[in-house]
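Novice: With the sequence up front, the predicted model follows.
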Amino acid sequence: MACVRSLGRRAARLGAATAAALALLAGCSGAGTAGPDGMPTSRPAEAGGADDRIGTLFLGELGGERGCTASVVDSPRHNLLVTAAHCVYTSVNGRLDDLVFVPGYRNGQAPYGSWTATGSFVDPHWTASEDPEYDVAFITVDARNGRQIQDVLGGNELATDQGFGLRVSVTGYPSTSETPITCSVRTSRFSDTQERFDCHGYTDGTSGSPWLTKSGQVVGVIGGYEQGGATDQTSYSITFDRRVAELYRQATGA
């Protein structure tokens, strides 16, 4: 698959001006139909319910350049998102400070409004060398109309040390689509610290897509090895373990 790699393999294609500035900034649940190789293929996600906790990140404002996918995660202050580290920070260009999160985004519409990022948290291993073993990030967002985002949408529980071979649904926003896609798959071990799933359709823009168990626990996000993968059919995540638990503690002040 030929891709613009300006925000990593899974980040959205950018307009010319933004791409120049960020050129080095390092995809209803259901498996969908099977492709010619027998591998499942993603399908459009239905609107409403817990999937509306998932949205797209814009650079600057709603209607601007689209970046990655993010989702609301349960936190003490009710203001936290989880995504991939390569969506918010590069050692060359630094931290992206102008991100806006639009949950439930479809066809140019923001059913729950847009939420301005107020800060982001990535591991020092990522900021030092963009180490793929630490490709996860948390983002805090400002309140809107006096309410925190989790109070509006609820939040998915962060779960660590769950092992491999989990059945998950993965919903994300390809940059070429105005609606999200989803696939229900089983994770597998890629290494002791990385995992993968196989399903067609996870292209640019789906970095940061949450891997959700049936009980609504986040056990991964698209990122990690090859910043999420080199093709649309195999996606990766770092294993959610003590690395992610520690970063979550920093993000929440717990």
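Specialist: That came in fine, so what should we check first?
Novice: State the phi and psi torsions of the residue nearest the centre of the chain.
Specialist: Centroid check for the chain by CA atoms, centre = their mean gives Gly208 as the closest residue, at 1.5 Å. Taking degrees, to the nearest 10, you get phi 90, psi -10 for the backbone angles of Gly208.
Novice: is the residue nearest to it when sequence neighbours are not counted in a bridge, and if so with what?
Specialist: Using CB to CB, 6 or more residues apart in numbering and skipping residues adjacent in sequence, the residue nearest Gly208 is Thr83, 3.3 Å away. (Each C-beta comes from the backbone N, C-alpha and C, glycine too.) In this entry, Thr83 is beta-bridged to Ala137, by DSSP bridges.
Novice: mind listing what Thr83 touches?
Specialist: Residues counted as contacts of Thr83 (CB atoms under 8 Å, 6 or more residues apart in numbering) are 57, 68-71, 136-139, 207-208, 221.
Novice: how far away is Ile181 from Gly172?
Specialist: 6 Å (CB to CB, to the nearest Å).
Novice: anything in contact with each of those two?
Specialist: Joint contacts of Ile181 and Gly172 (CB under 8 Å, 6+ apart) are 202, 206.
Novice: out of these two, which sits in the more crowded spot?
Specialist: Gly172 (32 against 25; other CB atoms under 10 Å).
Novice: Report pLDDT for the more buried one.
Specialist: Among the per-residue scores, Gly172 holds a pLDDT of 98.
Novice: Against which helices or strands is whichever strand or helix holds Thr69 packed?
Specialist: When elements are assigned from DSSP states H and E, Thr69 belongs to strand 65-73. Counting contacts by 3 or more CB pairs under 8 Å, 6 or more residues apart in numbering; DSSP states H and E, strand 65-73 packs against strand 54-59, strand 80-83, strand 99-103, helix 149-153.
Novice: Send me it as PDB with only the CA atoms.
Specialist: The C-alpha trace of strand 65-73 is given here as PDB (Å, rounded to 0.1, in the frame of the first residue of the first chain):
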ATOM      1  CA  GLU A  65      -6.500  18.500   8.700                       C
ATOM      2  CA  ARG A  66      -7.500  15.100  10.200                       C
ATOM      3  CA  GLY A  67      -4.900  13.200  12.100                       C
ATOM      4  CA  CYS A  68      -5.400  10.000  14.100                       C
ATOM      5  CA  THR A  69      -8.100   8.200  16.000                       C
ATOM      6  CA  ALA A  70      -8.500   8.500  19.800                       C
ATOM      7  CA  SER A  71     -11.000   7.400  22.400                       C
ATOM      8  CA  VAL A  72     -12.300   8.400  25.900                       C
ATOM      9  CA  VAL A  73     -10.700   6.300  28.700                       C
END
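Novice: From the chain's centroid, how far away is it?
Specialist: With CA atoms, centre = their mean, to the nearest Å as the basis, strand 65-73 stands 6 Å off its chain's centre.
Novice: would CSV of the helices and strands packed on strand 65-73 with mean pLDDT and distance to Thr187 be doable?
Specialist: Output for the helices and strands packed on strand 65-73, formatted as CSV (pLDDT from 0 to 100; distance: least, CB to CB, whole Å):
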stretch, mean pLDDT, distance to Thr187
strand 54-59, 96, 18
strand 80-83, 98, 17
strand 99-103, 97, 24
helix 149-153, 98, 25
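Novice: Could you point out which of the ones you listed sits nearest Thr203?
Specialist: strand 54-59 (13.6 Å; CB to CB).
Novice: The closest one vs strand 99-103, what angle?
Specialist: Strand 54-59 runs at 150 degrees relative to strand 99-103, counting by axes from the mean of the first three to the mean of the last three CA atoms, to 10 degrees.
Novice: Each with direction, which strands does strand 54-59 pair with?
Specialist: With DSSP bridges as the test, strand 54-59 pairs up with strand 65-73 (antiparallel), strand 99-103 (antiparallel).
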